[in-house]
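A.B. asks: need coordinates for the following:
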Amino acid sequence: MMYMEAKEQYIPQNHLKVVKIVDGEGLIVSNIFNKEEFEIRFLGLDAPEIKPCRKLFQDERETHIAGQLLMKLGRISMKYLFELAPPGTHISIILENDNQFDIYGRVLAYVFLSDRRCLNEIMVSDGYAKTYDKTFCIALPKYQLLNSKAMFEKRGLYSIINTF
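C.D. replies: Below you'll find the model as predicted:
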């Protein structure tokens, strides 16, 4: 699983609990001490959308896949994430010092379960999310390899469709 090199600048945050699964790459979490809630997007990943939006229409144009199918895949991805980290699950996150927020103000993070497995890695290696290369992250090269392997082995969403 994911190894954070000491020379890189990371910001760890512990004592978080999953409140809600947003989609296949996002969570609403709460700090267990001050109850502050915020949204996390998984750093380095992209999963299909679950409802009509501008990103869905962009994905339709780029992939030539119907929006209805993409949304179905998005719901499958979301369900898988729900099975891995249902509401109430305790997690920790690590942020990259220079890459903490997306353009919508959501926290970009590597998300870890209490057993130290990285949800970002699980989602991409099991084929329920793909790499997102429009924003660089330290783990991107590793995620690209995991994604290629998931595609080749027809894991997760790749068992339904060749690309998404």
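A.B. asks: now do residue 89 against residue 138, distance only.
C.D. replies: Distance, residue 89 to residue 138, by CB to CB, to the nearest Å: 24 Å. (Glycine included, C-beta is placed from N, CA and C.)
A.B. asks: kindly list the longest strand within the protein.
C.D. replies: Ranked by residue count and defined by DSSP state E, the top strand of the chain is strand 10-23.
A.B. asks: what is the neighbour count of the residue lying closest to residue 140 once chain neighbours are set aside?
C.D. replies: Leaving aside its sequence neighbours, residue 140 sits nearest to residue 44 (CB to CB, 6 or more residues apart in numbering; 5.3 Å). By other CB atoms under 10 Å, 30 other residues sit near residue 44.
A.B. asks: residue 44 and residue 131 touch, don't they?
C.D. replies: Yes. Assessed by CB atoms under 8 Å, residue 44 is found in contact with residue 131 at 6.2 Å.
A.B. asks: which neighbours do the two have in common?
C.D. replies: Common neighbours of residue 44 and residue 131, using CB atoms under 8 Å, 6 or more residues apart in numbering, are 124, 140, 143.
A.B. asks: out of these, which are buried?
C.D. replies: The neighbour count (16 or more other CB atoms under 10 Å) marks 124, 140, 143 as buried among the shared contacts of residue 44 and residue 131.
A.B. asks: what is the nearest of those residues to residue 162?
C.D. replies: Among these, residue 124 lies closest to residue 162 (CB to CB), at 16.2 Å.
A.B. asks: which residues are in contact with the closest one?
C.D. replies: If a contact means CB under 8 Å, 6+ apart, then residue 124 has 44-45, 130-131, 143, 146-147, 150 as its contacts.
A.B. asks: out of those residues, who has the most neighbours?
C.D. replies: residue 44 (30 neighbours).
A.B. asks: correct me if wrong: residue 47 contacts residue 77.
C.D. replies: Yes. The pair residue 47 / residue 77 is scored as a contact, 4.3 Å apart, by CB under 8 Å.
A.B. asks: got any residues that touch both of the two?
C.D. replies: 23-25, 123, 128-129.
A.B. asks: the longest strand of the chain: partners in the sheet, and parallel or antiparallel?
C.D. replies: Paired with strand 10-23 in the same sheet, following DSSP bridges, are strand 26-31 (antiparallel), strand 90-96 (antiparallel).
A.B. asks: as a markdown table, the ones you listed with mean neighbour count, distance to residue 14 and mean pLDDT would be great.
C.D. replies: Shown next, in a markdown table, are the strands paired with strand 10-23 (neighbours: other CB atoms under 10 Å; distance: least, CB to CB, whole Å; pLDDT from 0 to 100):
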| stretch | mean neighbour count | distance to residue 14 | mean pLDDT |
| --- | --- | --- | --- |
| strand 26-31 | 20 | 9 | 98 |
| strand 90-96 | 19 | 5 | 97 |
